[in-house]
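**Q** need a 3D model of the sequence below.
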Amino acid sequence: MPYVRVWIHLVWSTKNREPMLRSNIREKVFQHIRENSKEKKIHIDCVNGIADHVHALVLLSADRALSKTVQLIKGEASHWVNENGFLPFHFEWQEEYFAVSVSESAVETVRKYIKGQEEHHRKMSFGEEYDIFMTKYESFGKG
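**A** As a prediction, this is how the structure comes out:
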């Protein structure tokens, strides 16, 4: 059996970054994501976010591609939100997502960052955060 320990910081948004995950359903959605992921043998260390996006720290398995892991998390969660009628409209996630590897030494830092989303986004919008991520990670490997 292979030994694989690859941490991924995963970020995805609601469709068109609309603030659909209001505080009254957000924790229910996150709890469902944790429970559903456990059933599907996806290890989510932590998950949190605000009304328009979600962050998760995921430990990838040896037998499932990242794209399939993301599909299983997002697809089932949106289906569950709609099936339970939490919103008066159809809920969707944006198709795109952001995923970067996290070194073992940085896991605790990323964990704290994810857990502090509400406070973090009092100072910065998701769009600003996303632009910073893209600038930071696109610069790697260019020189």
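**Q** list the buried ones in stretch 101-114?
**A** Within stretch 101-114, the residues that count as buried by 16 or more other C-beta atoms under 10 Å are 102, 107, 110-111, 113-114. For every residue, glycine as well, the C-beta is placed using N, CA and C.
**Q** show me the shaky parts of the protein.
**A** Within the chain, the stretches with pLDDT under 70 are 120-122, 124-127, 129-143.
**Q** what about the helices in it?
**A** 23-39, 66-83, 107-115, 117-120, 126-138 (DSSP state H).
**Q** helices or strands next to the fourth one in the packing?
**A** Counting contacts by 3 or more C-beta pairs under 8 Å, 6 or more residues apart in numbering; DSSP states H and E, helix 117-120 packs against strand 43-50.
**Q** what's next to the strand it packs on, contact-wise?
**A** 7, 19, 21, 26, 30, 33-34, 37-38, 54-59, 61, 73, 107, 111, 114-115, 117-118, 121, 126 (C-beta atoms under 8 Å, 6 or more residues apart in numbering).
**Q** done for today, thanks.
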